[in-house]
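Student: got a predicted structure here, sequence first:
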Amino acid sequence: GEDVEQSLFLSVREGDSSVINCTYTDSSSTYLYWYKQEPGAGLQLLTYIFSNMDMKQDQRLTVLLNKKDKHLSLRIADTQTGDSAIYFCAEKNYGGSQGNLIFGKGTKLSVKP
Amino acid sequence: KAGVTQTPRYLIKTRGQQVTLSCSPISGHRSVSWYQQTPGQGLQFLFEYFSETQRNKGNFPGRFSGRQFSNSRSEMNVSTLELGDSALYLCASSGPGGTIPYEQYFGPGTRLTVT
């Protein structure tokens, strides 16, 4: 079945780069997303990558996709304390309806000053 | 454009009771999805509605139900509440006009506590 796995915690120092990793099992995934959730808030879409891409860069965010290993990563450059949040990886598989995303359990990023 | 709104934000109920949560999508969005978020299970898909029809359903018992109205507002209902139903219930809407494929816009959630 479909499954998305993430490590639960990551701690970095302000100014360092953060790398959050995710693995997925559904080879028919078409789009993969990274969402951010701050305390007491809903999820905010950060970026996405189409499954035929290897890399996507968006300002401080870099997404890398290794389709062979079904591995996705999110790199945040120059991490700031405001980046402290839970980050979710999500996949949308081919043929799935618009509203059905499969999420990982989230990685809690703590940024120390 | 106003975002997705959910009411109420917080709710405390007793085991055995039932509860109704409400979600108003972004204007123009016709798809509304519901997710349950718990520390142990993470985010799990409950169901999706589009134009008043349930288009997809997750793996939850029949105690969880939903509906969508002609104005795209959606409600979900949980009957015979159990302690394990305590969670953050998130609603997300999607629709035309966005730049990101299948982007879902999430509301702030309803925190349900069952005692």
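Tutor: Received the coordinates, thanks.

Student: ok, residue 37 - contacts?
Tutor: Answering for chain A, as no chain was given. A:43-44, A:85-88, A:106 (CB atoms under 8 Å, 6 or more residues apart in numbering or on different chains). In this view, the C-beta of every residue, glycine as well, is placed from N, C-alpha and C.

Student: my bad, the chain I had in mind was chain B
Tutor: Taking CB under 8 Å, 6+ apart, one finds B:43-44, B:87-90, B:109 in contact with B:Q37.

Student: against A:Y48, how distant is the residue of chain B most remote from its centre?
Tutor: Computed with CA atoms, centre = their mean, the residue of chain B farthest from its C-alpha average is B:T99, at 23.5 Å. For B:T99, the distance to A:Y48 equals 10 Å [CB to CB, to the nearest Å].

Student: do the same with A:C89
Tutor: Taking CB to CB, one finds A:C89 at 11 Å from A:Y48.

Student: pick out whichever of these two has more residues nearby.
Tutor: More crowded of A:C89 and A:Y48, by other CB atoms under 10 Å in any protein chain shown: A:C89, with 26 against 20.

Student: ok, that one - contacts?
Tutor: Contact partners of A:C89, counting by CB under 8 Å, 6+ apart, are A:4, A:6, A:20, A:22, A:24, A:32-34, A:72, A:74, A:103-104.

Student: of those residues, list those near chain B.
Tutor: A:103-104 (CB under 8 Å from any CB of the partner chain).

Student: need the contact list for the residue nearest the centre of chain B.
Tutor: For chain B, the residue nearest the mean C-alpha position is B:W34 (3.1 Å; CA atoms, centre = their mean). Residues in contact with B:W34 (CB under 8 Å, 6+ apart) are B:23, B:45-48, B:66, B:74, B:76, B:89-92.

Student: which of the residues you listed lies closest to chain A?
Tutor: Nearest to chain A among the contacts of B:W34: B:E48, at 3.3 Å, using CB to the nearest CB.

Student: which residues does the closest one form beta bridges with?
Tutor: Beta-bridge partners of B:E48, counted by DSSP bridges, are B:S33, B:N56.

Student: perfect, that will be all.
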